[in-house]
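Next input, structure requested:
(one chain, ligands or ions: 1)
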Amino acid sequence: MKLFLAFITSFLSFIAWNQEVEHACSEAKIHSKQNGIKTLTAVEEVKANAYDVHYYSLDLNMTNQSTLLSGTAEIHGTIVQNLDTILLELFPTQVISQLRLNGVPSTYSRVNSLLKIGINQSVGSAFVISVDYSGTPPTSVQNPFGGSGVSNATVSTIGNKVTWTVSCPFLAHEWFPCKQILRDKADSSAVRITVPNGLIATSNGTLEQTEDLGNGFTRFTWKNHHPILYYLICATVAPYTEYVNYAHPINLPGDSIKVQNFIYGNATGLSQAQAQCDLLPEFIELYSDKFGLYPFSDEKYGISLAPLSGGMEHQTMTTVGVMEKKITTHELCHQWWGDHVGIASFSDVWLSEGFATYGEYIMLENFYPAETAALVNAWHSSVLTAAGGSIWHTDTLNIARIYNSRLTYKKGGAIIHTLRHLINNDSLFYASLRSFLSTYGDNVAVGLDLKAHLEASTGIDLTPFFEQWYFGEGYPTISARWNSIGSDVLLEINHTTSMPTSVPYFSIPLELRFTRNGLSDTIVRVNITDNSDQFYLSGMGSVSALSTIDPNNWIINKNGTIVQDPTFTAAVETIVDEDSWTVYPNPSLDEITITWKDGACTLRIMDSRGQLVQTIDQATENQMKISGLKSGVYIIEISTANGARSQRRILSL
Ligand SMILES: [Zn+2]
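Modelled structure (predicted):
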């Protein structure tokens with residue numbers, strides 16, 4: 001039981017197909033490819049990491065009538081460790097007609113999806129592998145070991161057919177030979193697609209050339225000059241209409257970002273999509289403000305419509321099934337979180353999906369603030385449907401676990417809201433995220449990289465937060481007991497947890513709303529650090545009720561009871577006389593002396609956030625010296641044998 005002096009501060013109807021059941025971005029990744037599996041073993045991964053991929057160049061023939069494709073893929077790389085074999089992945093239904101190593105036809109072997117090319121080159125040397133191939137990628141129905149890296153379907157409301165790719169997490173090899181290892185981003189990529197006249201092919205980066213080949217076919221050449229994960233390379237083919245607008249972020253003065261959308265061209269298609277496309281520039285401007293300039297501003301952002309459930313955040317060219325503002329902002333937000341900063345492991349997919357989900361909140365907060373509460377409530381309701389489950393996980397071959405809607409998306413988004421609450425300074429919160437994105441941009445990261453970065457930039461120890469909310473399972477059920485004493489309030493917060501074996505207690509700032517006679521409501525912020533904490537709130541005015549625990553929904557929690565208890569007075573009556581003890585000097589350079597008049601006492605030293613630094617029990621002398629405190633603000637609490645307590649703030653220099 002603790003008694004802290006607290007600070008008094010003042011302070012969707014979403015489409016049913018996704019938000020209440022599964023997140024749309026999750027749907028795109030899970031439903032279309034239940035059976036997708038990773039093909040490289042751990043040993044093969046080590047071998048594949050003996051070379052570094054620099055560049056993928058795909059030159060493909062595609063139509064919107066089927067998933068059949070043919071063409072040539074080039075993989076440029078460098079040998080980084082001694083090796084005798086280049087390991088790539090390519091699905092068995094893709095038939096190779098010729099493979100060249102550095103321009104010379106070369107032998108190779110294939111075992112299931114593994115493609116092995118013998119090589120005799122020294123460390124540091126570069127190589128180019130060219131693969132001529134053709135075939136139909138598998139569907140999840142056709143092949144239990146495949147998925148649907150490429151899909152083809154008719155848009156039911158429009159009537160036109162679309163062919164599109166979704167390679168996440170391990171399905172790129174179903175349509176091009178590649179190295180499916182997250183830590184090896186290619187430095188750049190190019191996708192050239194030849195289609196029958198009348199169709200448009202879209203992909204990453206800039207459309208550098210559109211050539212009418214004069215034989216009934218048109219070739220579209222897209223080039224991406226930024227580092228890219230293998231699963232973010234895309235191709236989409238349909239009878240599109242191009243619809244362009246421009247974003248003007250304040251951090252791109254005098255310039256603009258092209259927003260190049262490919263939507264369905266008939267009247268119904270245009271009316272459905274144009275209004276949503278027109279929102280994209282201000283969303284890009286918003287995220288550029290919060291997260292730093294759109295990372296691919298020298299190329300473009302765009303959306304290609306395809307009849308998939310949800311969306312997929314292909315770099316600079318998102319593929320989405322339905323134009324809805326939370327879907328489009330989620331996928332846009334991925335351009336910073338998941339694309340520019342990729343994930344180094346599927347254990348930490350939160351870094352991509354959690355932040356993209358939180359991007360929905362940021363968009364609503366800025367443009368549709370009346371809708372934020374419903375979004376957070378929906379996240380919390382989903383998380384609270386089960387007692388446990390952590391965001392971080394080790395089941396990295398299980399697509400359903402990686403893209404678990406409840407944990408990766410909704411708990412993932414909710415705890416970023418909690419993190420923002422913990423930092424309690426929006427300009428610091430966003431500045432810290434911006435510097436993280438800048439540091440890890442064009443590269444990959446894990447959750448602990450973010451933790452270390454935020455700790456350095458905010459000065460806050462985030463170990464409890466990550467242990468309890470990211471690695472840990474469960475949520476608190478929070479109850480309050482309180483009593484009003486004049487203009488002061490005595491408050492006791494008790495909480496249990498849903499998974500005490502994982503997280504026995506949560507330590508987190510907690511807000512409480514009090515209603516007052518003759519004054520407006522006030523929200524008080526206290527730091528809970530154990531299953532039971534007591535707080536003495538002074539100068540509250542005439543409080544009539546403790547109306548709400550966590551009124552702003554910062555924390556995933558269940559409501560316990562709120563009880564006004566007139567007998568809850570003992571601690572107030574036994575507060576140590578303020579004149580009976582002294583703490584000096586304050587501020588202190590190295591040593592602090594505490595004196596008191598009463599007999600045996602317990603001294604507790606806490607940091608500015610209420611975290612216990614040191615306890616000195618039963619100090620029988622009436623004077624004590626403390627040294628060795630790091631610089632910072634501390635709370636010294638004295639408690640006497642009969643339970644009386646008092647606190648002082650000190651500054652250690
Ligand atoms: Zn997503």
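
Please read off the pLDDT at the one residue in the stretch 301-450 of the chain that gets nearest to the ion from the model.
For the stretch 301-450 of the chain, the residue closest to the ion is residue 356, as judged by CB to the ion, at 4.2 Å. C-beta: built from backbone N, CA, C; applies to glycine. pLDDT, residue 356: 98.

So which bits of the helix or strand containing it are buried?
Assigned by DSSP states H and E, residue 356 belongs to helix 350-367. Neighbour counts over helix 350-367 (16 or more other CB atoms under 10 Å) mark 350-364 as buried.

about what we covered before: contacts only, for the residue of the stretch 301-450 of the chain closest to the ion.
25, 313, 330-331, 333-334, 337-338 (CB atoms under 8 Å, 6 or more residues apart in numbering).

How much space separates it from residue 282?
Separation of residue 356 from residue 282 (CB to CB, to the nearest Å): 18 Å.

ok, now residue 95?
Taking CB to CB, one finds residue 95 at 47 Å from residue 282.

now swap in residue 213 and tell me
Per CB to CB, residue 213 is found 39 Å from residue 282.

of these two, who's got more company?
More crowded of residue 213 and residue 282, by other CB atoms under 10 Å: residue 282, with 15 against 10.

Can you tell me what sits against the strand or helix carrying that one?
Using DSSP H and E, the element containing residue 282 is helix 280-291. Contact partners of helix 280-291, identified using CB under 8 Å, 6+ apart, comprise 245-252, 257, 259, 261, 294, 297, 301, 303, 325, 328-329, 332-333, 335-337, 359, 362-363, 366-367, 430, 433-434, 437.

Surely residue 328 is within a helix?
Yes: counting by DSSP: H, G, I helix; E, B strand; the rest coil, residue 328 is located in a helix.

Touching, it and residue 303? I think so.
Yes: if you go by CB atoms under 8 Å, residue 328 and residue 303 touch, sitting 6.8 Å apart.

shared neighbours of the two, which are they?
280, 318, 320.

can you pull the pLDDT of residue 385?
Predicted confidence (pLDDT) for residue 385: 98.

Same check on the one 10 residues further on?
Reported pLDDT at residue 395 in the predicted model: 88.

now do residue 191
98.

For it, which non-adjacent residue is spatially closest?
residue 203 (3.8 Å; CB to CB, 6 or more residues apart in numbering).

Neighbours of the residue nearest to residue 154 when sequence neighbours are not counted, how many?
Closest residue to residue 154 apart from its sequence neighbours, by CB to CB, 6+ apart: residue 161 at 5.1 Å. Applying other CB under 10 Å, we find 18 residues neighbouring residue 161.

Was I right to think residue 161 contacts residue 64?
Yes: counting by CB under 8 Å, residue 64 is a contact partner of residue 161 at 4.6 Å.

what do these two both touch?
152, 238.

Just the element for the closest residue to the ion within the stretch 551-653 of the chain, please.
Scanning the stretch 551-653 of the chain for the residue nearest the ion gives residue 556, at 19.8 Å (criterion: CB to the ion). In the assignment (DSSP H and E), residue 556 maps to no helix and no strand.

Next: residue 45.
Following DSSP H and E, one finds residue 45 within helix 42-48.

what comes into contact with that helix?
Helix 42-48 has contacts (CB under 8 Å, 6+ apart) with 40, 83, 85, 87-88, 114, 179, 181.

Highest neighbour count among these?
residue 88 (28 neighbours).

For stretch 45-64, buried residues please.
Neighbour-count burial for stretch 45-64 [16+ other CB under 10 Å]: 47-64.

So for it, mean pLDDT?
In this model, stretch 45-64 carries a mean pLDDT of 96.

what's the neighbour count on the residue in the stretch 451-600 of the chain that the ion sits nearest to?
The nearest approach of the stretch 451-600 of the chain to the ion comes at residue 470, 17.7 Å away (CB to the ion). When neighbours are counted by other CB under 10 Å, residue 470 registers 22.
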